[in-house]
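Enquirer: From the sequence below, what's the structure:
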Amino acid sequence: MKNIVAILVFMLSLNFANAQENWDAKINSKLPEVLVSHRAFVSIPNLPADIPKMYENIDWVKNRFQKVHFQLKALESPTLPVLFAERIVDPTFKTVLFYFHLDGQAVNAAMWNQKNPFIPALKEQKLDGTWEAIPWSNLEEEINDDWRIFGRAAADDKAPIVMFLSALELLQQQNLHPKFNIKIIFDLEEEYSSEGFLSTLKKYKEIYESDYMIIMDGPAHNSNQPTLTFGCRGIATCSITTYGSKLPQHSGHFGNYVANPVFTLSRLLASMKSEGGKVRVKDYYKGIVLPKNVSAILNAVPDNTEDINNALLIHKAENVGNNYQEALQYPTLNIRQIGTSWKGEGLKTIIPEYATADIDVRLVVETDGQKQLDKIKNHITEQGFLVLNRAPTDTERLENSKIVTFKGNAGVHAFRTPLNSFFGEKIRSSLTASFGEIPISIRTMGGTVPIVPAITELDIPAIIVPMVNMDNNQHNPNENIRIGNIRQGIKICLAILNTSL
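Expert: The predicted structure follows:
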């Protein structure tokens, strides 16, 4: 019996190896065509303010996805429309909703190392670390995975769209079909808070309705291994303002007499956090527990603390978590800016009228934005401050030595799909079979995606599948995509499309 099982396992592994070799060969054969398509797509400027160009982007996507049997339509919104695509493979199959975005971040052409950010450049890295343009005709020869294509939206988010499209085209060439029905949202304003798309959630909820959701955006783990991200942090914001005298005062005439609101603010802020980085606000971490099985998954992520600290040039990390991944499981308290009543150029010898700290709070699933802000507000009250939601009156200034104006925005919630969910296990198994190793599983990524309200409203399990290189300069000058990531991304998409749900 054992011999029979061994033979079956050997045969299955042999078939698997042959299948993977075939896909790899087909991807390699198609890659030059893929890169030509990517170049054409990135060459279409995609700033939402340029509406005609956004419609050119829509036309490009429509033309290509119609050829792989999708029905496409524009869904009206108060701003730009949402481009929606659908392909019913089998009415009895489950449906997966994919999310991409067509827009890109604004550009400052003077900061780019090429003439035009919307004219893609193929580059290779020189020994001194700089990137040098090479002829596009090089794609007709052996393609180097470490070559990169530079251009706005080359990575974020046009590369994933091209990867997904290319996988669909490869399936079609082999007379194969996805193992589930597909719906796709192409958001035209993701980089600008997704106002149009989010406004359509209730109106088109039945159109968007699906069993599962995959968001193809953002960078993979810095090891460039296939990565699955099961959640992201939310964000709430607030500002805290302390006061001195009614108007700025000369520091010579009134120094040692009028209290400087910066010192008042600094003492208040210092009371909120320990030197080691833990938040001292009461119940700030309440409800957050990391079971052993979760810690094991977090510890399995191939992060190297020494490498991270060296890259950041910090002596040591704060002690909120035992490592980087654990730190992401807790809400933050970050002071992002401090300002005073003097905003002109140069230095002035004055005692400012007020000092303001702008704060952001990264949220996790266990924390609610409004409740976290209330905890901060209560902490301020406990320090003896009169807390207002407006500037103090003259009478309030005279009657109270410690006054704070507190303004908050509960912001966007976090989301997290369980690591051991049916959907997560299925996608993880498919990627493991395709690549021969278990993909990296990120429980919660540090940033916030603006479409979290969509995940909440549609109430479906969602996973982020990031495929571009971590060092892609996303949102910055010289945005780029590594060709090896495009090659790997197509294979990731094929694995997902071949997942039986």
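Enquirer: OK, contacts around Gln249?
Expert: Neighbouring residues of Gln249 by Cβ atoms under 8 Å, 6 or more residues apart in numbering: Val258, Ile350, Ile351. C-betas here are computed from N, CA, C, even on glycine.
Enquirer: Correct me if wrong: Ser277 contacts Lys316.
Expert: Small correction: residue 277 is Gly, not Ser. No: assessed by Cβ atoms under 8 Å, Gly277 is found out of contact with Lys316, at 9.8 Å.
Enquirer: So for the two, which residue has more residues nearby?
Expert: Neighbours were counted for Gly277 and for Lys316 using other Cβ atoms under 10 Å; Gly277 has more, 15 against 9.
Enquirer: quick one: low-confidence ranges for this protein?
Expert: Applying pLDDT under 70 to the chain flags residues 1-21.
Enquirer: Show me how it divides into domains.
Expert: 2-232+415-497, 234-288+330-412 (automatic domain parsing).
Enquirer: looking at those, which is closest to Asp303?
Expert: domain 2-232+415-497 (8.3 Å; Cβ to Cβ).
Enquirer: for the stretch 151-300 of the chain, what spans make up the helices?
Expert: For the stretch 151-300 of the chain, applying DSSP state H, counting those that start in this stretch gives helices covering 158-173, 195-199, 205-208, 251-254, 261-270, 292-300.
Enquirer: can you list the residues that contact the first one?
Expert: Residues from elsewhere that reach helix 158-173, judged by Cβ under 8 Å, 6+ apart: 23, 26-27, 30, 34, 37-38, 41-42, 46, 61, 64-65, 67-69, 98, 100, 102, 104, 177-178, 186, 216-217, 467-468, 481, 485-486, 489-494, 497.
Enquirer: Return the subset of these lying in strands.
Expert: Phe98, Phe100, Phe186, Ile481 (DSSP state E).
Enquirer: would a markdown table of the residues you listed with distance to Pro120 and neighbour count be doable?
Expert: Formatted as a markdown table, the ones in strands among the contacts of helix 158-173 follow (distance: Cβ to Cβ, whole Å; neighbours: other Cβ atoms under 10 Å):
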| residue | distance to Pro120 | neighbour count |
| --- | --- | --- |
| Phe98 | 24 | 22 |
| Phe100 | 18 | 22 |
| Phe186 | 20 | 26 |
| Ile481 | 9 | 31 |
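Enquirer: one step back: which of the helices of the stretch 151-300 of the chain is buried the deepest?
Expert: Stretch with highest mean neighbour count among these: helix 158-173 (a mean of 23; mean count of other Cβ atoms under 10 Å).
Enquirer: how far is that helix from where the chain is centred?
Expert: 22 Å (Cα atoms, centre = their mean, to the nearest Å).
Enquirer: still on that earlier bit, save the domains of the chain as JSON lines, and put in distance to Leu298 too.
Expert: Shown next, in JSON lines, are the domains of the chain (distance: least, Cβ to Cβ, whole Å):
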{"stretch": "domain 2-232+415-497", "distance to Leu298": "6"}
{"stretch": "domain 234-288+330-412", "distance to Leu298": "12"}
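Enquirer: which of the ones you listed is buried the deepest?
Expert: Of the domains of the chain, domain 2-232+415-497 is the most buried (mean count of other Cβ under 10 Å), at a mean of 18.
Enquirer: still on that earlier bit, filter the contacts of Gln249 down to the ones in strands?
Expert: Those of these lying in strands (DSSP E): Ile350, Ile351.
Enquirer: can you redo the contacts of Gln249 as JSON lines with distance to Ile297?
Expert: Below are those laid out as JSON lines (distance: Cβ to Cβ, whole Å):
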{"residue": "Val258", "distance to Ile297": "55"}
{"residue": "Ile350", "distance to Ile297": "54"}
{"residue": "Ile351", "distance to Ile297": "52"}
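Enquirer: Going by distance to Lys343, which of the contacts of Gln249 wins?
Expert: Ile350 (11.9 Å).
Enquirer: quick one, what contacts the closest one?
Expert: Contact partners of Ile350, counting by Cβ under 8 Å, 6+ apart, are Pro248, Gln249, His250, Ser251, Trp342.
Enquirer: and it, bridged to which residues?
Expert: On the basis of DSSP bridges, Ile350 is bridged to His250.
Enquirer: if I look at it, how far off is His253?
Expert: 10 Å (Cβ to Cβ, to the nearest Å).
Enquirer: Please apply the same query to Ala414.
Expert: Ala414 is 50 Å from His253, by Cβ to Cβ.
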